[in-house]
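A.B. asks: Please work out how this folds:
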Amino acid sequence: MIFNVASAASAMAILSLSVASAAPSSSGQTVQITSSTNWCMMMPPQAGGDIAASEDNAIAFCTSPSPSTPGAKTFPEGFIQSANFAKGNGYVQITGKIDSSKYSLSETDRGGQYDIKAPSGSACAGYNHYVNLIEPHSNTMCIRCCKEKKDCNTGKSTYGCAAVIPGDYSGPSSSSSSTLASGQPTGTATNSGTDSPSNTATGIATATGTAPVSTETGSLTIDPIFPTATGTASTGTLPATTVAPT
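C.D. replies: From the prediction side, this is the model:
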């Protein structure tokens, strides 16, 4: 009987350790993405914190409280300027703009990345992986939650949001939702270093028609001491060059 009691106690101890290891390391370590109006991302725990310096102690901030994100805080009012939701094959994402001043983030902060390794124990509800970048210097943010690790690229943080998570970064005060076809979405990286959008245009221009040009005809009289030129002039039109597409 004594042996059985001891065995039961050992089993309970093992079970307790298993439950403890399965539990989150601390509250505020879970984000989620369900729509453009219901989502979270990791941020420094205190206003004014440095993004890269807080990669080990960041906590979740959400649009609203949720049972899936215990201990998470709510985004400061006015902090989120735009949130564009997209869903692909095995992942969901939010991309958009922020107002860094609403959380006292430094305009010289080049940003950093959060993922399941930093802060340790963090996770995205319903997904195995996530990658989250905040770039105060350009007022840009992005987060993606993925079923497969290959869809959450955590090895390109220095390239910025547009490279790590291609998507819609329009803003401020905009939100959109879209469903992406299989594979990665495509996009053009903009706003990489300043808070001014850049534009890219491609195409072939052609021009047809006529343009007025001037021609001069006549005779010239040259004074050997005070050289002057006199004569008559006429104007006309010549066909303009046609630029053919290549």
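A.B. asks: Backbone dihedrals for I134, both of them.
C.D. replies: phi -130, psi 130 (degrees, to the nearest 10).
A.B. asks: Surely it touches I98?
C.D. replies: Yes. Counting by Cβ atoms under 8 Å, I134 touches I98, with 7.3 Å between them. Using the backbone N, CA and C atoms, a C-beta is placed for each residue, glycine as well.
A.B. asks: neighbours around the spatially closest residue to V92 that is not a sequence neighbour, how many?
C.D. replies: Spatial nearest neighbour of V92, excluding adjacent residues (Cβ to Cβ, 6 or more residues apart in numbering): I33 at 4.6 Å. A count of nearby residues for I33, using other Cβ atoms under 10 Å, gives 25.
A.B. asks: ditto for the one 10 residues further on
C.D. replies: If you count neighbours by other Cβ under 10 Å, M43 ends up with 25.
A.B. asks: ok, it touching Y103?
C.D. replies: Yes. Under the criterion of Cβ under 8 Å, M43 makes contact with Y103 at 7.1 Å.
A.B. asks: follow-up on the earlier one: contacting residues for the residue nearest to V92?
C.D. replies: W39, C40, F85, V92, Q93, I94, C124, I143, R144, C145 (Cβ atoms under 8 Å, 6 or more residues apart in numbering).
A.B. asks: ok, 10 Å please
C.D. replies: Residues in contact with I33 (Cβ atoms under 10 Å, 6 or more residues apart in numbering) are 39-41, 83, 85-87, 91-94, 124-127, 130, 143-145.
A.B. asks: Quick check: neighbours shared by M43 and Y103?
C.D. replies: Taking Cβ under 10 Å, 6+ apart as the criterion, M43 and Y103 both touch G49, F61, F75, P76, F79, I134.
A.B. asks: Let me see the contact set for P65.
C.D. replies: P65 touches G71, A72, K73, T74, counting by Cβ under 10 Å, 6+ apart.
A.B. asks: Just the buried residues of those.
C.D. replies: The neighbour count (16 or more other Cβ atoms under 10 Å) marks A72 as buried among those.
A.B. asks: Now render the contacts of P65 as TSV, adding pLDDT, secondary structure and distance to P166.
C.D. replies: Compiled in TSV, these are given as follows (pLDDT from 0 to 100; DSSP: H, G, I helix; E, B strand; the rest coil; distance: Cβ to Cβ, whole Å):
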residue	pLDDT	secondary structure	distance to P166
G71	95	coil	31
A72	97	coil	27
K73	97	strand	28
T74	98	strand	28
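A.B. asks: circling back to that earlier point, what do I134 and I98 both touch?
C.D. replies: Common neighbours of I134 and I98 (Cβ under 10 Å, 6+ apart) are M41, M43, L105, T140, M141.
A.B. asks: can you tell me which of those residues are in strands?
C.D. replies: Where these overlap with strands, as defined by DSSP state E, the overlap consists of M41, M43, T140, M141.
A.B. asks: Double-check C161 against S138; I have them as touching.
C.D. replies: Yes. Taking contacts as Cβ atoms under 10 Å, C161 lies within contact range of S138: 8.4 Å.
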